[in-house]
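Participant: sequence first, then the predicted structure:
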Amino acid sequence: MVRRIGFAPRTAVTLVKPLLVVLTKRDWSGMENIPKSGGVIIAANHMSEFDPFVVAHYVYDAGRWPQFLAKSTLFKIPVLGPVVKAVRQIPVHRGTIDASKALDAAIAALGRGEAVIIYPEGTTPKSGELWPGKGKTGIARLWLETKVPVIPVATWGAQQVFDPRTRKLKLKPRTDVTVRAGGPIDLSKFDGVPPTAANLHAITAEIMRVLREMVADIRGEEPPPLAGAASTASTTAAAAAATEADAQ
């Protein structure tokens with residue numbers, strides 16, 4: 001796949017990858033879990049504005065072109081906007097009538113057998129200990145439409161380069177960053193369910209649960225209780241009950 005990425009993406013790799021090699025000391029594992037071909041959703045935790053570079057580097061070296069769902073405002077910035085578009089990122093029009101178009105573009109990309117990277121949380125945390133939080137349901141909608149594998153990718157260490165809480169940038173060579181891909185998340189119990197709010201939240205909660213456990217394993221810590229966990233659990237139970245009722 002990466003051999004056919006085109007001139008602009010290949011130029012970006014030539015310019016950016018050597019800088020990342022110098023800047024980061026990489027502890028990578030699980031690349032074998034990323035399919036070499038075919039549509040795939042890569043779900044990653046988001047805790048620094050620097051981690052897209054880390055995740056992109058990892059996914060590229062795993063043999064896939066990293067294609068993110070990116071804020072549409074990035075495409076409107078002079079110089080940067082045309083570059084983001086040229087390297088085949090997908091704009092997300094949040095809070096507008098065009099919001100669904102991002103999913104349409106992602107669905108089309110997955111239909112072409114491409115890899116699409118999504119941060120279910122949608123943004124970086126501005127306080128706290130940078131644990132994965134509550135996800136948005138766009139990833140659930142995308143999976144229900146495509147049924148392609150969802151591969152969880154957990155990262156840690158990018159906050160040492162740019163911390164979203166302090167907004168401080170530290171460009172220090174060989175900063176430790178960890179990236180780990182897990183096997184496809186088992187969402188089989190949701191096969192055939194309608195895209196109701198309960199089902200969308202339940203699917204998203206399952207994806208975030210896996211990411212949270214993977215980050216906890218990397219950090220060697222027990223994560224604190226997730227805010228709204230009780231309501232999420234009840235939503236998941238309701239969705240499971242609805243799925244059983246539909247099957248009967």
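Facilitator: Sure, I can see it.
Participant: rest of the way, CA atoms for contacts and neighbours
Facilitator: Noted.
Participant: and residue 226, what's its pLDDT?
Facilitator: In this model, residue 226 is scored at 76, pLDDT.
Participant: and it, how many neighbours?
Facilitator: 14 (other C-alpha atoms under 10 Å).
Participant: would you map the helices across the chain?
Facilitator: Using DSSP state H, the helices of the chain run over 7-23, 51-61, 80-86, 99-111, 138-146, 197-219, 229-247.
Participant: distance to residue 39 added to the ones you listed, as TSV?
Facilitator: Formatted as TSV, those follow (distance: least, C-alpha to C-alpha, whole Å):
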stretch	distance to residue 39
helix 7-23	19
helix 51-61	14
helix 80-86	20
helix 99-111	4
helix 138-146	9
helix 197-219	18
helix 229-247	26
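Participant: which one of those helices has the lowest average pLDDT?
Facilitator: helix 229-247 (a mean of 47).
Participant: settle this for me: residue 33 is touching residue 149, isn't it.
Facilitator: No. Using C-alpha atoms under 8 Å, residue 33 is not in contact with residue 149; the gap is 10.3 Å.
Participant: now the common contact residues for the two.
Facilitator: residue 184 (C-alpha atoms under 8 Å, 6 or more residues apart in numbering).
Participant: what about the two, which has more around it?
Facilitator: Neighbours per residue, other C-alpha under 10 Å: of residue 33 and residue 149, the larger number sits with residue 149, 19 against 16.
Participant: surely that one is in contact with residue 41?
Facilitator: Yes. Using C-alpha under 8 Å, residue 149 is in contact with residue 41, at 6.2 Å.
Participant: one step back: out of the helices of the chain, flag the one nearest residue 167.
Facilitator: Closest to residue 167 of the helices of the chain, according to C-alpha to C-alpha: helix 51-61, at 13.9 Å.
Participant: only the buried residues of that closest one, if you could.
Facilitator: 51-60 (16 or more other C-alpha atoms under 10 Å).
Participant: pick the one among those residues closest to residue 210.
Facilitator: residue 55 (17.3 Å).
Participant: residue 68 and residue 85 touch, don't they?
Facilitator: No. Using C-alpha under 8 Å, residue 68 is not in contact with residue 85; the gap is 10.9 Å.
Participant: who has more neighbours, those two?
Facilitator: residue 68 (22 against 16).
Participant: what's the more buried one in contact with, if anything?
Facilitator: 89-90, 116-118 are the contacts of residue 68 under C-alpha under 8 Å, 6+ apart.
Participant: in the sheet, who's paired with it?
Facilitator: residue 117 (DSSP bridges).
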